[in-house]
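Colleague: Everything below, folded, please.
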Amino acid sequence: MKIIILKVEKRVIGNKKHIKSFRESGYTPCIVYGKNKNIKFVLDSYLVEKIIKNNTLSKFIVSINNEINITTILKEIQYNPITEKILHLDFFELNPRKYITYEVPIKPIGKAKGVSQGGEYISKIRTLKIKALPKNMVDHIEINIENLDIGENYYVKNIPQKKIVILHDSNTVISAVKQIIETSQSLTQSLKPK
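Modeller: Numbers count the residues shown, from 1 in each chain. Now for the predicted structure:
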């Protein structure tokens, strides 16, 4: 999992007027929640847009005044419901000895052999809910679908689980290769006498 260092200064973020002035100056208010701490700071809004676009599944080291370094993940993004502009970011401090629960995307690897034989690859679910210790966190899960034939499914139980816990039933279908059914027109054409 990618680690991004955010060098910030602790700020006093008071009432709505104060918050509005930060936003108008090109900054996004943020907070780190952790054990016995709620630290407020601001980030350049341009940097925030970049983070959200590319790296929402990353660990962030929030370095406050170059003195305190807190390892976090991005827990929540608050948007303006009308303009969809980012209003606030919530970061959550990671405890190295406690599991964190989160969702990761599934990345299929290879081409299913059933597709080469005329089948259609179908993705049933695109993300998995997992839990892991901070040192074992991943930003995606790869599944090798090369041996998937027509009529076969790829199940959660087929994923090699290395130091993570998948929080889905083991018989949950992730993907499948189905036989493509010919349209009635093409079937009629094939049944006509020659």
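
Colleague: pLDDT weak spots in the chain?
Modeller: Within the chain, the stretches with pLDDT under 70 are 12-15, 18, 55-56, 182-194.

Colleague: and the longest strand for it?
Modeller: Counting by DSSP state E, the longest strand found in the chain is strand 68-79.

Colleague: and it, which residues are buried?
Modeller: Residues of strand 68-79 classed as buried by neighbour count (16 or more other Cβ atoms under 10 Å): Ile70, Thr71, Thr72, Ile73, Leu74. For glycine as for every other residue, the C-beta is placed from the backbone atoms N, C-alpha and C.

Colleague: could you check the distance from Asn80 over to Glu24?
Modeller: When distance is defined by Cβ to Cβ, to the nearest Å, Asn80 is 14 Å away from Glu24.

Colleague: Grab the most central residue of this protein for me.
Modeller: Central residue check for the chain by Cα atoms, centre = their mean: the C-alpha nearest the mean position is that of Val104, 4.4 Å away.

Colleague: Who are the packing partners of the helix or strand hosting that residue?
Modeller: Following DSSP states H and E, one finds Val104 within strand 100-109. The contact analysis (3 or more Cβ pairs under 8 Å, 6 or more residues apart in numbering; DSSP states H and E) places strand 100-109 against strand 119-123, strand 127-132, strand 141-144.
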